[in-house]
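Peer 1: Let's see this in three dimensions:
(2 chains)
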Amino acid sequence: GQQLNQSPQSMFIQEGEDVSMNCTSSSIFNTWLWYKQDPGEGPVLLIALYKAGELTSNGRLTAQFGITRKDSFLNISASIPSDVGIYFCAGQLVGDMRFGAGTRLTVKP
Amino acid sequence: GAVVSQHPSWVICKSGTSVKIECRSLDFQATTMFWYRQFPKQSLMLMATSNEGSKATYEQGVEKDKFLINHASLTLSTLTVTSAHPEDSSFYICSARSGQGTGNTIYFGEGSWLTVV
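Peer 2: Next up, the predicted model:
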């Protein structure tokens, strides 16, 4: 089921701008995952976070696992047109996994 | 990174027929795989959790007799849409869990487009 609150739902930004999106939950998780989905394709894993407080980067992407274990954020710096897509967060606790509704990112050249 | 492959990528079938979609983990063993359905411009909707060697666990509202899931090996899960109807047309995605405990990660397949005519 989908019990994560992901915001914003959509973003329209200019190329070169930084982007920030986040997910919050009323439940704690022991893993936070961030994915990007291009139209007509399956989600691709961007960053995996396994420890509260963990801050991990992948190129221009940075994500953090919130200290309370109930939230996570993803930042994209210096956006480029190919960053367009839908970004999903996912929280996992043992066998249970929840997804956010996604953030649809549009980057204007 | 780990690779999960789905086949076919797209399929067109006639109403009333059944169609099978395969999900394979190519470089890791997956005791747990997941099947999702996604409508245009919407998020992933979990249909069922597939555990190797046991029956799948279906989410509320998903008909288990219509969406048959078989997880016969550690690298393969199949979803069979039985007696397909046009409203079953959708994008179906699988994912597989790599690793165990707190260090596991979920990888997704490329998705399969089903069109029922």
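
Peer 1: The lowest-mean-pLDDT helix or strand in chain A pairs with which strands?
Peer 2: Scoring the helices and strands of chain A by mean pLDDT, DSSP states H and E places strand A:96-99 at the bottom, with a mean of 81. Sheet pairing for strand A:96-99, assigned by DSSP bridges, gives strand A:85-93 (antiparallel).

Peer 1: how many neighbours does residue 80 have?
Peer 2: Using chain A here. Under the neighbour criterion other CB atoms under 10 Å in any protein chain shown, A:Ile80 is assigned a count of 12. From N, CA and C alone the C-beta is placed, and that goes for glycine too.

Peer 1: was after chain B, sorry
Peer 2: B:Thr80 has 15 neighbours, counted by other CB under 10 Å.

Peer 1: returning to that earlier point: what residues sit buried inside the least confident helix or strand of chain A?
Peer 2: Across strand A:96-99, burial judged by 16 or more other CB atoms under 10 Å in any protein chain shown covers A:Met97, A:Arg98, A:Phe99.

Peer 1: Over to stretch B:27-41?
Peer 2: Judged by neighbour count (16+ other CB under 10 Å), stretch B:27-41 contains these buried residues: B:Phe28, B:Ala30, B:Thr31, B:Thr32, B:Met33, B:Phe34, B:Trp35, B:Tyr36, B:Arg37, B:Gln38.

Peer 1: What is the nearest of those residues to B:Ala56?
Peer 2: B:Trp35 (8.0 Å; CB to CB).

Peer 1: For chain A, which residues score under the pLDDT cut-off?
Peer 2: Within chain A, the segments meeting pLDDT under 70 span A:1-3, A:95.

Peer 1: Now stretch A:50-61: buried residues?
Peer 2: For stretch A:50-61, burial by neighbour count (16+ other CB under 10 Å) applies to A:Tyr50, A:Ala52, A:Glu54, A:Thr56, A:Leu61.
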